[in-house]
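Participant: sequence first, then the predicted structure:
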Amino acid sequence: MPFVIAIDGPAASGKGTIARALAARFGFHHLDTGLLYRATGAKGGDPISAAATLEIGDLARPDLRSAEAGQAASQIAAIPEVRQALLDFQRRFAAQEPGAVLDGRDIGTVICPDAPVKLYVVASDQVRAERRAAELGADPVEMLAQLQERDRRDSERATAPLKPADDAVLIDTSTLDIDQAIAVAVAEVERVRSGALS
Ligand code: CDP
Ligand code: CDP
C-alpha cells in the first residue's frame with residue numbers, strides 16, 4: 001500500500017514548504033491541492049463545470065499564487081459540487097506508489113482519512129501575514145486582513161471545513177525557521193514509518 005502524508009492548515013502556515021521537502025526526502029509524489037481550487041476559480045464561468053473539466057494545463061496558469069486567486073479559490077471551495085468534482089483526482093493521486101504527500105485543508109479529514117501521517121501546520125496570524133506579504137511583495141497589514149477573511153470562510157463552511165483531524169499532529173511554525181519545521185515533520189514521518197516496519 002502506498003504511504004500517504006496528509007498536511008493541512010490555514011493559509012501561509014508553511015504546509016507547502018513542508019510537503020515539498022517531505023516528498024523530496026522520501027521520494028514521494030506531491031500535490032498542492034490548493035492549486036486545484038485556485039485554478040478552478042481562475043477559469044471563471046460556472047465553477048462546477050470549471051472543476052469538472054479541470055486539466056493539468058490549467059494548473060500552470062500564471063498568477064495562481066496571487067492573493068486575488070486565493071480569495072476566489074476560497075469562495076468556490078465552499079461549493080460542495082466543486083469539491084466533489086475534484087475528489088477523485090486527489091484520491092487517485094494519493095494512491096500512487098511508493099507514496100504521496102498532499103497538502104490542503106481537508107486532506108486528513110475527507111480526502112485521505114486513513115493516512116498514517118497527518119500533520120496540521122499552524123503559525124500565528126501575524127507571522128503568516130508577514131511571510132506571505134514578503135513572498136508576494138505585498139503590504140503585511142492588508143495581507144493579514146485577507147488571510148483572516150479566507151481562514152474564516154474556510155473554517156466556517158459546511159462542507160469539508162478547515163480543521164485538524166482528531167489524529168493529526170500539530171506543528172506550530174511561528175518560531176521555527178524552514179529547516180526546523182522540516183526536521184519536526186521528518187521526525188514524525190520516521191516515527192510512524194519505524195513503527196509500521198517493526
Ligand atoms: O503552503 P502554505 O500556504 O501553508 O505556506 P508556504 O507557501 O509553505 O509558506 C509561506 C511562506 O512562509 C513561504 O515564503 C515560506 O518560505 C515561508 N516559511 C517560513 O518562512 N518559515 C517556515 N517555517 C515555513 C514557511
Ligand atoms: O497557500 P495557501 O494556504 O494560501 O492557499 P491554498 O492552499 O493554495 O488554498 C487556496 C484556497 O483553496 C483555500 O483558502 C481554500 O479555500 C481552498 N482549498 C480547499 O478548500 N481545500 C483544499 N484541500 C485546498 C485548498
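Facilitator: Nice, I can see it. Ligands and ions are numbered 1, 2, ... in the order given.
Participant: quick check, pLDDT for the spatially most central residue of the chain.
Facilitator: The geometric centre of the chain, computed from its C-alpha atoms, lies nearest to residue 104 (C-alpha atoms, centre = their mean), at 2.0 Å. What the model reports for residue 104 is a pLDDT of 98.
Participant: now it: phi and psi?
Facilitator: Dihedral pair for residue 104: phi -180, psi -130, per degrees, to the nearest 10.
Participant: ditto for residue 10
Facilitator: phi -70, psi 180.
Participant: for residue 30, same thing?
Facilitator: The phi/psi pair for residue 30 (degrees, to the nearest 10) is phi -130, psi 130.
Participant: who does it bridge with?
Facilitator: Note on residue 30: beta-bridge partners residue 101, judged by DSSP bridges.
Participant: what is the burial count for it?
Facilitator: The number of residues packed near residue 30 is 18, by other C-beta atoms under 10 Å. Yep, even glycine has a C-beta here, placed from its N, CA and C like the rest.
Participant: buried residues in the host helix or strand of residue 84, which are they?
Facilitator: Per DSSP states H and E: residue 84 is located in helix 80-94. Going by neighbour count (16 or more other C-beta atoms under 10 Å), the buried part of helix 80-94 is 82-83, 85-86, 90, 93-94.
Participant: could you find the closest non-adjacent residue to the residue nearest to the centre of the chain?
Facilitator: Of all residues beyond its chain neighbours, the one nearest residue 104 is residue 33 (3.5 Å), with distances taken as C-beta to C-beta, 6 or more residues apart in numbering.
Participant: and the one you found, what pLDDT?
Facilitator: We have a pLDDT of 98 for residue 33.
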